[in-house]
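J.: Just to be clear, the model below is a prediction. Sequence and coordinates:
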Amino acid sequence: MGWDGIEIVKLAANGIEFEISTLGEGDRLALCLHGFPELAYSWRFQMPLLAKLGYRVWAPNLRGYGGTTSPPAVEAYKPTTLVADVLALIEAAGARETVLIGHDWGAILAWMIALDHPDRISRLVILNVPHPARFDAEFWRTGQFLRSWYMLFFQLPGLPEFVLGRAGAKAIGNAFRNGTKHLEHFTDADMAVYEQNALRPGGLTAMLNWYRALFRYRPKRSQYPIIETPTLMIWGDADFALDIRTALGTEIHIRDLTFRRLEGISHWAQQEAPEEVNALLEAWLTGAPVPEFGEIRVPGH
């Protein structure tokens, strides 16, 4: 598994230019959305599988990342703008069906599209981010707010950029290495990809502006419609940033949910456990029985 054979293309959508890693062809799109502080590169293990299954795979560097346009202003990263970016990419692809796959921030956008634009996607895959209703319900109850301290730190001007960018952005690489059991999937060469992305002029500010805009422009929602889109949810239960209890109970919000837990796997599930994640994806997308890698347990209970 690797990055060989990936083609990089540029595409204008929603008023900016996207840098997109592509593989495969056809009229079924698999759109893979990365998180912070990642890139399209975080899907390097899944793209060959998805192409083999007959999908045209697009993994864009999202707004503010890599070679994609990186506006400096916080307001350029409003959640509604980020969702519009994804919708514009789906429109530009012109596929007859779209499987939307999201991790971390990419999963937040994927949830929003499944809630508000369900007609634009045919299937949904979420990795290690809870349904927003579950996150809100558990935020204070589970101590999740203690795990989310970094989001408050990121609101400060300048200091987060300094801390994350010093020593060649070593903290970015360490974010992946720390707490990861399978370090063989996080080589120095892999980490250099992410560190160099953070060291772009204005790069860290662009990436952090996602968090700053979320605090300033978070959409207010009084209710959450039931998601009718078939959904696969994969959760590494050694996630340092998100308590698994924020994911439990998701079934009340989704008509057709398949939930699978990866025991001892960190927040970076698709990179740390690519064999398991790919096995789940392949089975679920082809209608085969979806493997069980562990019982769903609440830590401490």
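T.: Okay, I see it. Numbering: from 1, shown residues only.
J.: all strands of the stretch 51-200 of the chain, in order?
T.: Applying DSSP state E, counting those that start in this stretch to the stretch 51-200 of the chain gives strands spanning 56-61, 97-103, 123-127.
J.: would you turn these into CSV with distance to Thr205 and mean neighbour count?
T.: The C-beta positions use only the backbone N, C-alpha and C, and glycine is treated the same way. CSV is the format used below for these (distance: least, Cβ to Cβ, whole Å; neighbours: other Cβ atoms under 10 Å):
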stretch, distance to Thr205, mean neighbour count
strand 56-61, 16, 25
strand 97-103, 22, 24
strand 123-127, 26, 25
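J.: In CSV, list the ones you listed along with mean pLDDT and distance to Asp243.
T.: As requested, the strands of the stretch 51-200 of the chain are arranged in CSV below (pLDDT from 0 to 100; distance: least, Cβ to Cβ, whole Å):
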stretch, mean pLDDT, distance to Asp243
strand 56-61, 98, 28
strand 97-103, 98, 17
strand 123-127, 98, 16
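J.: Looking at those, which is nearest to Glu195?
T.: Of all these, it is strand 56-61 that lies closest to Glu195, at 15.2 Å by Cβ to Cβ.
J.: now stretch 37-49: mean pLDDT?
T.: Mean per-residue pLDDT for stretch 37-49: 97.
J.: what's the answer for stretch 149-164, then?
T.: Rounded mean pLDDT across stretch 149-164 is 94.
J.: Name the residues that touch that stretch?
T.: Residues outside stretch 149-164 that contact it (Cβ atoms under 8 Å, 6 or more residues apart in numbering) are Pro37, Ala171, Ile172, Ala198, Leu204, Thr205, Leu208, Tyr211, Arg212, Leu214, Phe215, Ala241.
J.: Report the separation between the closest residue to Gly106 other than its chain neighbours and Leu11.
T.: Of all residues not flanking Gly106 in the chain, Leu33 sits nearest, at 2.8 Å (Cβ to Cβ, 6 or more residues apart in numbering). To Leu11, Leu33 is 15 Å away according to Cβ to Cβ, to the nearest Å.
J.: Among the two, which residue is more densely surrounded?
T.: Set Leu33 next to Leu11 and count neighbours by other Cβ atoms under 10 Å: Leu33 wins out with 30 against 17.
J.: My understanding was that that one contacts Trp58; is that so?
T.: No. Contact between Leu33 and Trp58 fails when scored by Cβ atoms under 8 Å: they sit 9.7 Å apart.
J.: ok, His131 - contacts?
T.: Trp111, Tyr224, Ala247, Thr250, His253, Ile254.
J.: Could you work out the most separated pair of those residues?
T.: Tyr224 and Ala247 (15.1 Å).
J.: still on that earlier bit, would TSV of the contacts of His131 with pLDDT and distance to Ala51 be doable?
T.: Shown next, in TSV, are the contacts of His131 (pLDDT from 0 to 100; distance: Cβ to Cβ, whole Å):
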residue	pLDDT	distance to Ala51
Trp111	98	25
Tyr224	94	34
Ala247	92	29
Thr250	95	29
His253	96	31
Ile254	97	27
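J.: give the contact list for the residue nearest the centre of the chain.
T.: Taking Cα atoms, centre = their mean, the centroid of the chain lies closest to His103, which sits 2.0 Å from it. Contacts for His103 (Cβ under 8 Å, 6+ apart) come out as Leu33, His34, Gly35, Glu38, Ser42, Leu127, Asn128, Val129, Ala269, Gln270.
J.: Can you list which of these are found in strands?
T.: Those of the contacts of His103 mapping onto strands are Leu33, Leu127, per DSSP state E.
J.: pLDDT weak spots in this protein?
T.: Applying pLDDT under 70 to the chain flags the ranges 1-3, 142, 294-301.
J.: And for Ala288, nearest residue in space, chain neighbours not counted?
T.: Once flanking residues are discounted, Ala288 sits nearest to Glu282: 7.4 Å by Cβ to Cβ, 6+ apart.
J.: can you check Glu195 too?
T.: In space, and not counting its chain neighbours, Glu195 is closest to Ala169: 4.1 Å by Cβ to Cβ, 6+ apart.
J.: I'd say that neighbour and Val193 touch.
T.: No. Under the criterion of Cβ under 8 Å, Ala169 makes no contact with Val193, lying 11.0 Å away.
J.: between these two, which one's more packed in?
T.: Shown here are Ala169 and Val193; by other Cβ under 10 Å, Ala169 has more neighbours (23 against 18).
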